[in-house]
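>>> A structural model of the following input is requested.
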Amino acid sequence: MSLSLEIDLLRSFAVIAEVRALSRAANRIGRTQSALSQQMKRLEAIVDQPLFQRTGRGVVLTNPGERLLIHAQRILRLHDEAMADLSGKGLSGTIRFGCPDDYAAVFLPQLLRQFSSLHPHALVELVCAPTPRLLEQLEMHALDLAMISRPEDDGNDGIIRREPLVWVACAGLESAHFDPLPLALSDADTLDHVAACDALQRAGRAYRVAYASSSLAGLTALVRSGQAFAVLTQTAVAPDLHILTDDPDLPPLPTIGLALRFERERPAHLVTVFAEHIRQTLPLL
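Coordinates of the predicted model:
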């Protein structure tokens, strides 16, 4: 008898791989932990490979599990696209979605285009702001969902993708020529601002914040003018700007995690579907 990868098994597997714990996955999927465990035993029997290793903090993927996850995410995305296309239905309604500027510019065009192809009658209202401002808007119930930045030491739970922070300048600008180092940073309570100041203080390097704003366009304009250095996520660096990877006068910076935060514990179905679309698609972009 030939065996096949069942969509239901792959969907459960993808959720477990994301949250790294059977209990949390069972709550999200709406099954008992025992039923979910049986599903994974069936999936491991089908692929004839161990997919998980248990740890004191949950489960981690084995090497075959990591490989299967890549295929599972692609299969699920194509399956859902096919069903939406052939049914002619899809979901409708409005999602109030918040996202920092740097992620919006890089990731959102493809994320929104793919979601629109699945659900052409759904409208995504976009608010771009730094993570602390998005969290405030979630508290005020002004957003349904937000993509936020989290520190690298904030645990793995809910992290969809990791992005390194990097020092950025216009081409030809060298940090050794400045004392103190002029900085163009986001708001004072954002991760890039805190990371830059902490790293420079630990290294004993003098600096001044020449410009602080929530506007990514304003920050990059000042950097392009040659008047300041910035700290950005690596994917957000424009092609005409220079990442200072080999500058010995600049201290290393941390990596941050991208995660989703809901406005309420039980979000609307459309919001949940959009969030799942982001979880499946973002790691592949």
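
>>> How is the chain divided into domains?
In terms of domains, the chain is parsed into 7-84, 90-159+257-284, 163-255 (source: automatic domain parsing).

>>> got those as a markdown table, with mean pLDDT and mean neighbour count columns?
(Each C-beta comes from the backbone N, C-alpha and C, glycine too.) Listed next are the domains of the chain as a markdown table, based on pLDDT from 0 to 100; neighbours: other Cβ atoms under 10 Å:
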| stretch | mean pLDDT | mean neighbour count |
| --- | --- | --- |
| domain 7-84 | 87 | 16 |
| domain 90-159+257-284 | 90 | 17 |
| domain 163-255 | 93 | 17 |
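
>>> Could you look up the SS state of the residue nearest to Ser213 when sequence neighbours are not counted?
Leaving aside its chain neighbours, Ser213 sits nearest to Leu219 (6.3 Å; criterion: Cβ to Cβ, 6 or more residues apart in numbering). Under DSSP: H, G, I helix; E, B strand; the rest coil, Leu219 falls in the helix class.

>>> residues touching Asp179, list them.
Ala206 (Cβ atoms under 8 Å, 6 or more residues apart in numbering).

>>> residue contacts, Arg162?
Glu152, Thr255, Ile256, Gly257, Leu258.

>>> Next secondary structure after the helix or strand hosting it?
Using DSSP states H and E, Arg162 falls within strand 161-170. Next helix or strand after strand 161-170 toward the C-terminus (DSSP H and E): strand 181-185.

>>> Please compute how far that next one lies from its chain's middle.
How far strand 181-185 lies from its chain's middle: 25 Å, per Cα atoms, centre = their mean, to the nearest Å.

>>> next one: stretch 169-185
With Cα atoms, centre = their mean, you get 29 Å for stretch 169-185.

>>> Same question for stretch 95-107.
10 Å.

>>> okay, it in PDB with CA atoms only?
The C-alpha coordinates for stretch 95-107 follow below in PDB (Å, rounded to 0.1, in the frame of the first residue of the first chain):
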ATOM      1  CA  ILE A  95      -8.000  43.300   8.800                       C
ATOM      2  CA  ARG A  96      -6.300  46.200  10.600                       C
ATOM      3  CA  PHE A  97      -2.700  45.200  10.400                       C
ATOM      4  CA  GLY A  98       0.300  46.900  11.900                       C
ATOM      5  CA  CYS A  99       3.900  46.500  10.700                       C
ATOM      6  CA  PRO A 100       7.200  48.400  11.100                       C
ATOM      7  CA  ASP A 101       8.400  50.400   8.100                       C
ATOM      8  CA  ASP A 102      11.400  48.200   7.400                       C
ATOM      9  CA  TYR A 103       9.400  45.000   7.300                       C
ATOM     10  CA  ALA A 104       6.600  46.600   5.300                       C
ATOM     11  CA  ALA A 105       8.900  47.700   2.500                       C
ATOM     12  CA  VAL A 106      10.600  44.300   2.200                       C
ATOM     13  CA  PHE A 107       8.000  41.600   3.000                       C
END
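
>>> List the neighbouring strands of the strand holding Arg162 plus their orientation.
strand 229-233 (antiparallel), strand 241-243 (antiparallel), strand 255-262 (antiparallel) (DSSP bridges).

>>> For Phe97, find the nearest of those strands.
Nearest to Phe97 among the strands paired with strand 161-170 is strand 255-262 (9.8 Å), distances taken as Cβ to Cβ.

>>> Other residues contacting the closest one?
Against strand 255-262 from outside (Cβ under 8 Å, 6+ apart): 103, 134-135, 138, 144-152, 154, 158-165, 191, 195, 233, 271, 275, 278-279, 282.

>>> wait, the residue nearest to Ser213 sits on Leu185?
Yes - if you go by Cβ atoms under 8 Å, Leu219 and Leu185 touch, sitting 7.2 Å apart.

>>> okay, and the common contacts of those two?
Common neighbours of Leu219 and Leu185 (Cβ under 8 Å, 6+ apart) are Tyr211, Ala230.
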